[in-house]
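Student: Could you work out the structure for the sequence below:
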Amino acid sequence: MRLCKQFIEDLFTDFYSHPQIGKSSQVISNWERGYTSCIMPKDLQKLSAALKIPISYLVEEPKPPEKIITTDPRLQRLIDSYPKLNAQAKATIDALLAISENYI
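Tutor: This is a model prediction of the structure:
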C-alpha cells in the first residue's frame, strides 16, 4: 500500500515523530517514498487522526481522467491535441462551436 503522492511533501513534513503517530522520522520517510510495502491499519488510523483526514485520502491513488469515446476520428484527434493548441486555435474552435449552436 502506498500513500497518495500529492499528500507526501506538504503534510508529512510537520508530523515527523509526531506523538499521535508514534513513529520515527525514518519510518515516516519510508512511507513517503513507498519503501514500505504495507502500512499497518493501526498506523493509518493514527496518521488519519493526527492529520484530520480520511484514511482513503492516504491510500487511494488519484483516478486518471476518463477518455472520451467518440466515433469520429477527427473529433478524437481534436480532443487529444486540444491541450497543446495555442490561444488563437482555441478561439477558432470556440467560434465554430458558437456558430454550430445555431444549427443544433
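
Student: tell me which element Asp43 is part of?
Tutor: helix 41-51 (DSSP states H and E).

Student: After that helix, heading C-terminal, what element do we hit next?
Tutor: helix 55-59.

Student: Rounded mean pLDDT for that next one, please.
Tutor: Taken as a whole, helix 55-59 has an average pLDDT of 78.

Student: List the buried residues for it?
Tutor: For helix 55-59, a neighbour-count test (16 or more other C-beta atoms under 10 Å) marks Leu58 as buried. Every C-beta, even on glycine, is put in place using the N, C-alpha and C of the backbone.

Student: Summarise which helices and strands it is packed against.
Tutor: The contact analysis (3 or more C-beta pairs under 8 Å, 6 or more residues apart in numbering; DSSP states H and E) places helix 55-59 against helix 41-51.

Student: Put the alpha carbons of the helix it packs on into PDB.
Tutor: The C-alpha coordinates for helix 41-51 follow below in PDB (Å, rounded to 0.1, in the frame of the first residue of the first chain):
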ATOM      1  CA  PRO A  41      -4.000  -0.400   9.700                       C
ATOM      2  CA  LYS A  42      -3.500   1.000  13.200                       C
ATOM      3  CA  ASP A  43      -0.700   3.300  11.900                       C
ATOM      4  CA  LEU A  44      -3.000   4.500   9.100                       C
ATOM      5  CA  GLN A  45      -5.700   5.200  11.800                       C
ATOM      6  CA  LYS A  46      -3.200   7.200  13.900                       C
ATOM      7  CA  LEU A  47      -2.000   9.100  10.900                       C
ATOM      8  CA  SER A  48      -5.500   9.800   9.700                       C
ATOM      9  CA  ALA A  49      -6.500  11.100  13.200                       C
ATOM     10  CA  ALA A  50      -3.400  13.200  13.600                       C
ATOM     11  CA  LEU A  51      -3.900  14.900  10.200                       C
END
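
Student: what about the nearest residue to Ile55 once chain neighbours are set aside, how many residues close to it?
Tutor: Distances taken as C-beta to C-beta, 6 or more residues apart in numbering place Ser48 nearest to Ile55, at 4.6 Å, with adjacent residues excluded. Ser48: 17 surrounding residues under other C-beta atoms under 10 Å.
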